[in-house]
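take this sequence and fold it.
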Amino acid sequence: ERMDPKTFFANERTFAQWQAAGMLLLTVGIAVTKLEDSFDTDQLGGMTVIGCSLVIMLYGLVSFLHRLKKIKRKDPTGYDDPLGPVALIFVLFAAV
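The predicted model follows:
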């Protein structure tokens, strides 16, 4: 039996949104880092934002692969993740 295309593409769209958010933060982090010639708190802040962006993109990938496995097995539950996005928001606030 085939998997439902709507479910598969919804998982892909969610993955793409996480990657887009990570790329946006990566761009901001690189821009902040490149604005300063000497190493100071601005560069450290930019590097922290870069690290957070990589964590967000990695989280999106792990979440995508986890849900893809569940979709292929046709598991009826376990697709939600109430803690992941909240934890990532706290990480971003700590970085800023």
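
show me the shaky parts of the protein.
1 (pLDDT under 70).

center of it, which residue is that?
For the chain, the residue nearest the mean C-alpha position is Ile56 (2.6 Å; Cα atoms, centre = their mean).

my guess is it contacts Ala20, does it?
No: the criterion here is Cβ atoms under 8 Å, and Ile56 misses it with Ala20 at 10.0 Å. From N, CA and C alone the C-beta is placed, and that goes for glycine too.

the residue nearest to the centre of the chain sits in which helix or strand?
Element membership for Ile56, per DSSP states H and E: helix 41-73.

which parts of that helix are buried?
Going by neighbour count (16 or more other Cβ atoms under 10 Å), the buried part of helix 41-73 is 43, 45-50, 52-53, 55-57, 59-60, 63-64, 67-68, 70-71.

then stretch 15-22?
Phe15, Trp18, Ala21, Gly22.

residues making contact with that stretch?
Residues lying outside stretch 15-22 but in contact with it, judged by Cβ atoms under 8 Å, 6 or more residues apart in numbering, are Ser53, Leu54, Ile56, Met57, Tyr59, Gly60, Leu61, Ser63, Phe64.

mind running it again at 6 Å?
Under the contact criterion Cβ atoms under 6 Å, 6 or more residues apart in numbering, stretch 15-22 has outside partners Ser53, Ile56, Met57, Gly60, Phe64.

distance to Lys34 for these - can I get that in a markdown table?
Listed next are the contacts of stretch 15-22 as a markdown table, based on distance: Cβ to Cβ, whole Å:
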| residue | distance to Lys34 |
| --- | --- |
| Ser53 | 15 |
| Ile56 | 20 |
| Met57 | 20 |
| Gly60 | 25 |
| Phe64 | 30 |
